[in-house]
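Undergrad: Structure, please.
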Amino acid sequence: MMKKEGKRLANLLPMFAGLGLLGLFIWGIAQGSFISSPPLAAIFAAIITILTYFIFFFVTFLISSFVYQYNFPRYNQDFIIVLGSGLIGDKVPPLLASRLDKAISFYTKQLLKTGKQATIVVSGGQGENELTSEANAMRLYLLEKGIPEDYILMEDQSVNTLQNMRFSKAKMDAILPKYKSIFTTNNFHLFRAGLYAKKAGLKSQGIGSKTAFYYMPSALMREFIAIVMMHKKLNLVIVGLILLMFLGLFLISFL
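TA: A predicted model of the protein is given here:
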């Protein structure tokens, strides 16, 4: 992984997480004698409980992400939304190309099976280090692959996944009052993108493009952190209640 992606912090996240968990348990075993100390015992128990909560959350996330991969939309779609990701200058990198290729594959299969031609919505604004909008770069890529320009719709204002969904929905609503749509993204991003689609009021299923295996651990870790942050208030409340519970137990021990 290091050779292909470089020593970036994002790609080291799984290693840091694993070392952190290992270190915590080793620390607990090595310091077993402190259990007789109520303050330290309460602190350790609270940490383990919070850790267990997030491990359960992570396992649930992994299962949900895996199940969401097995989604097979019908070949009757009016629109296929392609969610943008970063460009290299003005070029479509492999990660984004895989999303576009997935959209092209579905577009082609639907056309062959039913004769219905879907419109591909390319969604993504222009980042600070990008020479053009992601939507325009994707449009050019699709044109090179033989997709007719009349069946490409650009949404070039969004800067995140929620805006991808909201702004694409507005574009589609303006064309058809009732329509069927799907979105394409990488498989690791599929579950969270589905949550954002629901939040945007968009009834759209997702299909995921394959991602290099070496990239998956760091990608899934980032997705999990992003989902935790999507529900940060709820998670803060749960962590707070756990801390209050153990604080109460600690105080009771002195009665």
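
Undergrad: Check which helices and strands the host helix or strand of residue 105 sits against.
TA: Mapping residue 105 onto the secondary structure by DSSP states H and E places it in helix 94-114. Judged by 3 or more Cβ pairs under 8 Å, 6 or more residues apart in numbering; DSSP states H and E, the packing partners of helix 94-114 are strand 79-83, strand 119-123, helix 134-144, strand 181-186, strand 204-209. No exception for glycine: its C-beta is placed from N, CA and C like everyone else's.

Undergrad: export these to a markdown table and tack on distance to residue 107, mean pLDDT and mean neighbour count?
TA: Formatted as a markdown table, the helices and strands packed on helix 94-114 follow (distance: least, Cβ to Cβ, whole Å; pLDDT from 0 to 100; neighbours: other Cβ atoms under 10 Å):
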| stretch | distance to residue 107 | mean pLDDT | mean neighbour count |
| --- | --- | --- | --- |
| strand 79-83 | 6 | 97 | 27 |
| strand 119-123 | 6 | 96 | 25 |
| helix 134-144 | 9 | 95 | 21 |
| strand 181-186 | 10 | 95 | 25 |
| strand 204-209 | 11 | 91 | 21 |
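
Undergrad: Can you check what pLDDT the model gives residue 18?
TA: Residue 18 carries a pLDDT score of 61 in this model.

Undergrad: Show me which helix or strand of this protein is least confident by mean pLDDT.
TA: When the helices and strands of the chain are compared on mean pLDDT, DSSP states H and E, helix 2-5 comes out lowest with a mean of 42.

Undergrad: dump the residue contacts of residue 170.
TA: Residues near residue 170 by Cβ atoms under 8 Å, 6 or more residues apart in numbering: none.

Undergrad: correction: residue 223
TA: 61, 65, 188-189, 191-192.

Undergrad: Am I right that it is in a strand?
TA: No. Residue 223: not assigned to a strand; according to DSSP: H, G, I helix; E, B strand; the rest coil it is helix.

Undergrad: Identify the residues contacting the most centrally placed residue in the chain.
TA: Against the mean C-alpha coordinate of the chain, by Cα atoms, centre = their mean, the closest residue is residue 189 at 3.3 Å. Residue 189 makes contact with 83, 161, 208, 219, 223, according to Cβ under 8 Å, 6+ apart.

Undergrad: Let me know whether the second one touches residue 196 as I believe.
TA: Yes. The criterion here is Cβ atoms under 8 Å, and residue 161 meets it with residue 196 at 4.8 Å.

Undergrad: So which of these two has more stuff around it?
TA: residue 161 (23 against 20; other Cβ atoms under 10 Å).

Undergrad: ok now do that one, which residues does it touch?
TA: With Cβ under 8 Å, 6+ apart, residue 161 has these contacts: 83, 189, 192-193, 196.

Undergrad: mind giving me the domain split of this structure?
TA: Domain ranges of the chain: 8-68+219-252, 79-211, per automatic domain parsing.

Undergrad: Need the winner for burial among these.
TA: Using mean count of other Cβ atoms under 10 Å, the stretch among the domains of the chain with the largest mean neighbour count is domain 79-211, at a mean of 19.

Undergrad: now the end-to-end length of that domain.
TA: 23 Å (Cα to Cα, to the nearest Å).

Undergrad: distance between it and the chain's centre?
TA: 15 Å (Cα atoms, centre = their mean, to the nearest Å).

Undergrad: in the chain, what spans have low per-residue confidence?
TA: Low-confidence segments of the chain (pLDDT under 70): 1-41, 253-255.

Undergrad: Kindly recompute the last result at 90.
TA: Within the chain, the segments meeting pLDDT under 90 span 1-59, 61-72, 85-91, 126-131, 177, 209-226, 228-232, 235, 239-240, 242-255.

Undergrad: Now do the end-to-end distance for stretch 106-122.
TA: 15 Å.

Undergrad: Can you give the contact residues for it?
TA: Residues contacting stretch 106-122 (Cβ under 8 Å, 6+ apart): 73, 75-82, 84, 103-104, 134-136, 138-139, 142, 147, 151-155, 168, 171-172, 175, 181-182, 184, 207.
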